[in-house]
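Engineer: pasting the sequence and the predicted model now:
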Amino acid sequence: MSALTDLIPARRPPLLTSLTHGVALPVVYAIAIATLAQFAIGPALGEYWASVGVQVGIAVMLAVSLNIVNGFTGQFSIGHAGFFAIGAYVGAGISYYSALLIWGDPATLPHGAPLMWEGSPSGLFGAGDWIMVAGALLGGCVSAVFGYIVGLPSLRLRGDYLAIVTLGFGEIVRVLLQQTRPQVFEAQELRELAGADLFIPPLGGATGFSGIPKYATLWWVWFFVFFVVLFAYRVKLSSTGRALLSIREDEIASRAMGVNITKYKVRAFVLAAGLAGIAGALYAHSGNVLQPRDAGFQRSFECIIYVVLGGLGSISGAALAAVALSIMTEALRGPEPILENWPILVGLAIAGTIAAGVLRAIKNRGWRITFVLAMTPLSFLALGLASKLFNEVTGVNLAAYRMVVYALLLIVVMLARPNGLFGLTEIWEYFGPIRGPKPGSGNDDSRLAAEPPAPAPPAETQPSTPPTPPAPPTLPPGDAAP
Amino acid sequence: MPEQFDDSIAPRGPDAREVFCYTGRPPDLGATVRSSRHPSDHPVADFLLILITAIAVGSLYALIALGYTMVYGILKFINFAHSDIFVLGAWTSLTASVCVITWMKLDTQNPPLWLAPVVLLSAMVVCGGVAYIVERLAYKPLRKSPRLNVLITAIGVSLLLQNVGQLPGFTVASKDGRTLATVPFGPSPARMPSLLPDVALTTIPFVHTEPGDVPPTVNLIDVFIFVSAMVLMFALQYLVYHTKLGAAMRAVSFNTETAALMGVPVDRVMSFTFVTGAVLAAAAGFLYSLKYPGLNQPAHEIWVLLGLKAFVAAVVGGIGNVRGAVLGGFLIALIEFMGMFLFSKYLDPLLGTNMGTNLRDVYVFSVLIIVLLVKPSGLLGSPVREKV
């Protein structure tokens, strides 16, 4: 009886349970993290680094969403920016044009206090915030529909071809966005647009969609980042995630085991596209002018390198790589912000090293990864210094060639460590115990060692002599003597 | 992209009106381009005009597609970096012609006829060398890896080549200040000096011309492109089907291990295939720079789309199949231009838009998706059975 109850796991702490079940506690956590980011970290960082923080959050969402298709399912989709751009344009269109129609001027829309940009704050949240959220969710849905359309042919397409088709999809989105009508700036003009005219929507064409108010603050972006990461984590742990991982490992074997390949591949595309659409809508509201080239290959490639560098299949790896590479872009661009803050970076590195030492002393698990993470601020510093030296020696600004650096990085990663930095493991798995049965639970292999091995069944053709059970092992006489 | 930019060095702005230029000659060479349809035009004239441009552009697609197909047949992966060899070929021809003209102090308006083959040869040598280095450093260590890794590496190499081409060019000067050589790579467009005389061969019949118009003609350059491409393709055909090395290549594409057992130097055959593909792409780049001398910067999306369309041509024809690549190249060019023409003529008036010529990429990708769904092995390819 005690062996049976040992099999029932002890009651897990609510923190861990909320990661896999329920909605209420995650909302609380998301609000807490977002408030921390906006009101504690934001003012400490200053305006410039806060906007970098917004872009970092968007990059994390993109990386985690692409990880669902490239990492979990093992498909190779290099048109992710197409979904991103669709979400961005839909979100921007809804936000801008509804503001134009209802309030007359998008710039004067009331928005709330979780706000670091300029504007007219009105209490905690304003109409502008809700319009942006609605735009984000609708953008995600429209992107998900396109994800379905792109995912459908994926049954017939193997790796290389799927890559080309998704690349083609990204380019088609870009070309179609270039053919849209010019943006409408007057409410009256908008009302006069007839229904047939909207077949080709007024999304700015090649000149882009501008004038979108900056509602995406640190608060909103990191609120959504938490949900995206939690969503991806829950997908990974669910039966859908198991099916996706099995498709990644061996498609034919999993099909033989009854996994419906088409359904799960399409599902992966839909989920990835939806999350990328949300990221796009938030990007649209972060003060950038949307252009058709946002659906192009360059942005898709940035997403690819986040996922490949971080580890195909690791959510935390992709997120960490996105954070590191986004900050690295800033380090390369103008080394001054990085070099000025060198005390902070060195302090972080020292704190991380101390933490690694403490971990090594306590339980010898996870200290290596902590040490590696502690070294990354130093590597940013080194990169900033190198960039500055390079600039002074050759006069060439390295930021313009960050794509060269990315390309080299990709090649080196593929040659040296093809699974990326983390592979399929999440970072928290480095800190926990190595999974195995509990010592007293009877769930381990101790039973097999106690009994003698069962006698082999007699062969059919041999004469049936009852096999003698082997003698129990006895100590040789010599060992009994003291 | 062939019809979409003019020859002036200034890059086209985003609102520049795309003009469907029948002659393939850019507007600023004095030809008056008709941008509206004359009702009395003979339909045969339309078809002939489209055919001529499609044949010239199709030869380019075919040459690039051959590289994709050969690498896929023998190394079993799609070399994303192949279209960047094509870009490199075009820019190397530009560099070589500029350098030779500077060294020999040639007349840029009337260059001698031997300049073109010299430039072509140098472009081939440089691109072949780069392809060899890339293959040794980036692809050879991954021969036993899963295809996904090689694909990602190929994308990395492609981006590396594109963005290294963006690095600013330099000028080598001699001691007394004369410029010895200019390597005009960089982020701005450049213009290729014309290496062939711009001679019109015949006039296209049945075309209605206004008085004062220059009638559309078949140019020497188009014929030269087609003839050179045909010569190269026949040379490749001879190589692959009538020489021992070609037999080795075909053996390796059938079954690599057995070919190794039979004494075929598989490593050398693979490197040779790569270099051959790159040489063909370099030739395509040279021919492209002859026809469209205004070269955009190496990372411009025009090149990416050109390479993608050549890849689509390889897939449509049947990837792994040399004849399929040639067929696919011409077919895709024909589809692209016919699509542009039909959309501009019939659907644009219906919809009230002006986007027939801008959607050229959409036609090609739609064809790709249809072919991949209906007959994934391509027109001339044989279905590959997946062994478990």
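Structural biologist: Cool, the structure landed.
Engineer: what are the buried residues along stretch A:133-148?
Structural biologist: By neighbour count on 16 or more other CB atoms under 10 Å in any protein chain shown, the buried set for stretch A:133-148 is A:133, A:135-140, A:142-144, A:146-147. Bear in mind the C-beta positions are built from the backbone N, C-alpha and C, glycine included.
Engineer: next step: these restricted to helices.
Structural biologist: In helices, judged by DSSP state H, the following of the buried residues of stretch A:133-148 are found: A:133, A:135-140, A:142-144, A:146-147.
Engineer: give me the pLDDT value at the residue of the stretch 1-150 of chain A found nearest chain B.
Structural biologist: Closest residue of the stretch 1-150 of chain A to chain B, CB to the nearest CB: A:Phe76 (6.0 Å). On pLDDT, A:Phe76 comes in at 86.
Engineer: grab the nearest non-local neighbour of the residue minimising distance to the centre of chain A.
Structural biologist: Central residue check for chain A by CA atoms, centre = their mean: the C-alpha nearest the mean position is that of A:Val64, 1.4 Å away. Distance criterion CB to CB, 6 or more residues apart in numbering or on different chains; nearest residue to A:Val64, sequence neighbours excluded, is A:Ala232 at 4.9 Å.
Engineer: can you name the residues that contact the spatially most central residue of chain B?
Structural biologist: Centroid-nearest residue in chain B, with CA atoms, centre = their mean: B:Leu60, separated by 4.1 Å. For B:Leu60, the contacting residues are B:225, B:229, B:284, B:287-288, B:306, B:310, B:329, by CB atoms under 8 Å, 6 or more residues apart in numbering or on different chains.
Engineer: make it 6 Å
Structural biologist: By CB atoms under 6 Å, 6 or more residues apart in numbering or on different chains, the residues touching B:Leu60 are B:284, B:288.
Engineer: which SSE is it in?
Structural biologist: Counting by DSSP states H and E, the element that carries B:Leu60 is helix B:43-75.
Engineer: buried set for that helix?
Structural biologist: B:45-46, B:48-75.
Engineer: the residue nearest to B:Ile78 when sequence neighbours are not counted: which element?
Structural biologist: Once flanking residues are discounted, B:Ile78 sits nearest to A:Asp160: 4.4 Å by CB to CB, 6+ apart. Using DSSP H and E, the element containing A:Asp160 is helix A:159-178.
Engineer: so what does that helix touch, helix or strand wise?
Structural biologist: Secondary-structure packing of helix A:159-178 (3 or more CB pairs under 6 Å, 6 or more residues apart in numbering or on different chains; DSSP states H and E): helix A:80-102, helix B:360-374.
Engineer: give me that answer again for 10 Å
Structural biologist: Secondary-structure packing of helix A:159-178 (3 or more CB pairs under 10 Å, 6 or more residues apart in numbering or on different chains; DSSP states H and E): helix A:80-102, helix A:127-151, helix A:297-310, helix B:147-164, helix B:301-317, helix B:360-374.
Engineer: what does the helix or strand following it contact?
Structural biologist: Per DSSP H and E, the first helix or strand lying C-terminal to helix A:159-178 is helix A:187-192. If you take CB atoms under 10 Å, 6 or more residues apart in numbering or on different chains as the criterion, helix A:187-192 is touched by A:96-97, A:99-105, A:184, A:186, A:202.
Engineer: I'd like the average pLDDT over the helix or strand following helix A:187-192.
Structural biologist: Where DSSP H and E defines the elements, the next helix or strand beyond helix A:187-192 is helix A:218-237. The pLDDT scores in helix A:218-237 average 92.
Engineer: low-confidence stretches in the chain?
Structural biologist: Picked chain A for this. In the predicted model of chain A, residues A:1-15, A:106-124, A:194-198, A:334-335, A:395-400, A:432-482 satisfy pLDDT under 70.
Engineer: I was after chain B.
Structural biologist: B:1-43, B:108-109, B:169-184, B:197-216, B:299, B:384-388.
Engineer: buried residues in stretch B:340-357?
Structural biologist: So stretch B:340-357, judged by 16+ other CB under 10 Å, has buried residues B:340-341, B:343-344, B:353, B:355-357.
Engineer: looking at the residues you listed, which is nearest chain A?
Structural biologist: B:Met355 (4.7 Å).
Engineer: so that closest one is in which element?
Structural biologist: Using DSSP H and E, B:Met355 falls outside every helix and strand.
Engineer: for the nearest residue to it once chain neighbours are set aside, give me its contacts.
Structural biologist: Excluding its sequence neighbours, the residue lying closest to B:Met355 (CB to CB, 6+ apart) is A:Gln179, at 4.7 Å. A:Gln179 is in contact with A:200, A:203, A:205-206, A:292, B:353-355, B:358-359, B:362, counting by CB under 10 Å, 6+ apart.
Engineer: ok, 7 Å please
Structural biologist: A:200, A:205, B:355, B:358 (CB atoms under 7 Å, 6 or more residues apart in numbering or on different chains).
Engineer: of these, grab the buried ones for ChimeraX.
Structural biologist: To isolate the buried ones among the contacts of A:Gln179 in ChimeraX, judged by 16+ other CB under 10 Å, type:
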select /A:200,205 /B:355,358
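Engineer: follow-up on the earlier one: so the residue of the stretch 1-150 of chain A closest to chain B belongs to a strand, correct?
Structural biologist: No - counting by DSSP: H, G, I helix; E, B strand; the rest coil, A:Phe76 falls outside a strand, being coil.
Engineer: would you agree it is in contact with B:Leu148?
Structural biologist: Yes - applying CB atoms under 7 Å, one finds A:Phe76 in contact with B:Leu148, separated by 6.0 Å.
Engineer: identify the contacts common to the two.
Structural biologist: A:Gly159.
Engineer: residues in contact with the host helix or strand of B:Ile221?
Structural biologist: Using DSSP H and E, B:Ile221 sits in helix B:220-242. Contact with helix B:220-242 is made by B:24, B:52, B:55-56, B:59, B:62-63, B:66, B:196-197, B:199, B:201, B:245-246, B:249-250, B:280, B:283, B:287, B:290-291, B:322, B:326, as judged by CB under 7 Å, 6+ apart.
Engineer: state the helix or strand in which B:Val218 lies.
Structural biologist: Assigned by DSSP H and E, B:Val218 falls in strand B:217-219.
Engineer: quick one: strands adjacent to that strand?
Structural biologist: Using DSSP bridges, strand B:217-219 pairs in its sheet with strand B:200-203 (antiparallel).
Engineer: show the end-to-end separation of stretch B:133-148, please.
Structural biologist: End-to-end span of stretch B:133-148 (CA to CA, to the nearest Å): 21 Å.
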